[in-house]
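Student: Turn this into a structure:
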Amino acid sequence: ALAAGNRVMVKPSELTPRFSAVLAEAVARRFGDDEVAVIQGGPDVAAAFTALPFDHLLFTGSTRVGRIVAEAAAKNLTPVTLELGGKSPA
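Tutor: As a prediction, the model looks like this:
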């Protein structure tokens with residue numbers, strides 16, 4: 001996404017708070033806020049995040065939450081890429 005000139009917003013799982021903090025710190029050291037932003041928080045933050053009018057939204061996680069993400073994105077006609085269920089992308 002960055003190589004194509006896009007901005008990136010990442011919302012890691014609230015179930016991995018230590019990883020999220022390390023990721024946010026590493027990203028902040030290497031990128032400006034206008035290039036990559038790491039958004040931390042729980043389900044309320046995730047709901048607000050998915051309601052934003054993105055050009056494209058990518059979600060990796062459970063089928064149940066994927067349905068919620070797709071529904072929220074549909075309200076803005078935002079294209080979505082979903083990687084649902086399973087433990088490996090292959």
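
Student: drop to CA atoms for contacts and neighbour counts, all remaining ones
Tutor: Noted.

Student: Surely residue 85 is in contact with residue 65?
Tutor: No: with contact defined as CA atoms under 8 Å, residue 85 does not count as touching residue 65 (10.0 Å).

Student: Give me the mean pLDDT for the helix or strand residue 49 falls within.
Tutor: Per DSSP states H and E, residue 49 falls inside helix 43-50. Regarding helix 43-50, the rounded mean pLDDT is 89.

Student: what residues does stretch 47-62 touch?
Tutor: Outside stretch 47-62, the residues within contact range by CA atoms under 8 Å, 6 or more residues apart in numbering are 11, 66, 69, 72-73, 75-76, 78-85.

Student: For the helix or strand of the chain with the lowest mean pLDDT, which residues meet the burial criterion?
Tutor: Sorted by mean pLDDT, DSSP states H and E, the helices and strands of the chain end with helix 43-50, the least confident at a mean of 89. Applying a neighbour-count criterion of 16 or more other CA atoms under 10 Å, one finds 46, 49-50 buried in helix 43-50.

Student: do stretch 23-43 as well
Tutor: Those buried within stretch 23-43 under the rule 16+ other CA under 10 Å are 24, 27, 36-40.

Student: Of those residues, which is the nearest to residue 4?
Tutor: Distance to residue 4 across the buried residues of stretch 23-43 (CA to CA) is lowest for residue 36, with 13.3 Å.
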